[in-house]
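Chemist: turn this into a structure:
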Amino acid sequence: MVLHETFTSCLNRLSGNNREIIEQARAFIHTHYMEPLTLSKLAEHCGMSVKSFSYLFNKYIGVSPIEYLIQHRMKRARELLMMSHYSIKQVAASVGYEDALYFSRLYKKLYGVAPSQSTRN
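Modeler: This is a model prediction of the structure:
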């Protein structure tokens, strides 16, 4: 009961600023997507606990913060692959993935094709 009241109190206190906080988090992701970002780093940047931040982000954006980060990275990667002659390894590194194979798996999962099929000919 006390935990529920504490959580409710925190949510009510933040309710006026929730959208602004989440928009700041989105802007931070858009600016720093190429860096190693974790859920705890994002929550810390917003001055929130991981649990509260995840809840609010999902509530306002519709996906988890990490899923949003992945989607943003893949969108940027797709643009780079289609508009440049960079290698997949270079593109992966430029959007925050040191492991090009892991990057390729995420890319294929999201777009249904390998990154090599999205490159400029």
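Chemist: now the helices for this protein?
Modeler: For the chain, the helices defined by DSSP state H occupy 2-14, 18-32, 39-45, 50-61, 65-83, 88-94, 100-111.
Chemist: to residue 119, which of the ones you listed lies closest?
Modeler: Residue 119 sits nearest to helix 65-83 of all those, at 5.0 Å, using CB to CB. Quick note: C-beta positions are derived from backbone N, CA and C, even for glycine.
Chemist: next, the angle from the closest one to helix 18-32.
Modeler: 40 degrees (axes from the mean of the first three to the mean of the last three CA atoms, to 10 degrees).
Chemist: which residues of this structure score low on pLDDT?
Modeler: 1-16, 120-121 (pLDDT under 70).
Chemist: mind redoing it with 90?
Modeler: 1-19, 84-85, 118-121 (pLDDT under 90).
Chemist: nearest residue to the middle of it?
Modeler: In the chain, the residue lying closest to the centroid (CA atoms, centre = their mean) is residue 69, at 1.3 Å.
Chemist: ok, that residue - contacts?
Modeler: 29, 33, 37, 42 (CB atoms under 8 Å, 6 or more residues apart in numbering).
Chemist: can you rerun that using 7 Å?
Modeler: Applying CB atoms under 7 Å, 6 or more residues apart in numbering to residue 69 gives the contacts 29, 33, 37.
Chemist: swap in residue 36?
Modeler: residue 96.
Chemist: ok, it to residue 103 distance?
Modeler: 14 Å (CB to CB, to the nearest Å).
Chemist: how deep is residue 90 tucked in, by neighbour count?
Modeler: 13 (other CB atoms under 10 Å).
Chemist: one step back: can you pick the most crowded of the contacts of residue 69?
Modeler: residue 29 leads the contacts of residue 69 on contacts (other CB under 10 Å) with 21 neighbours.
Chemist: hmm, that one is touching residue 70, no?
Modeler: No. Taking CB atoms under 7 Å as the definition, residue 29 is not a contact partner of residue 70, at 10.3 Å.
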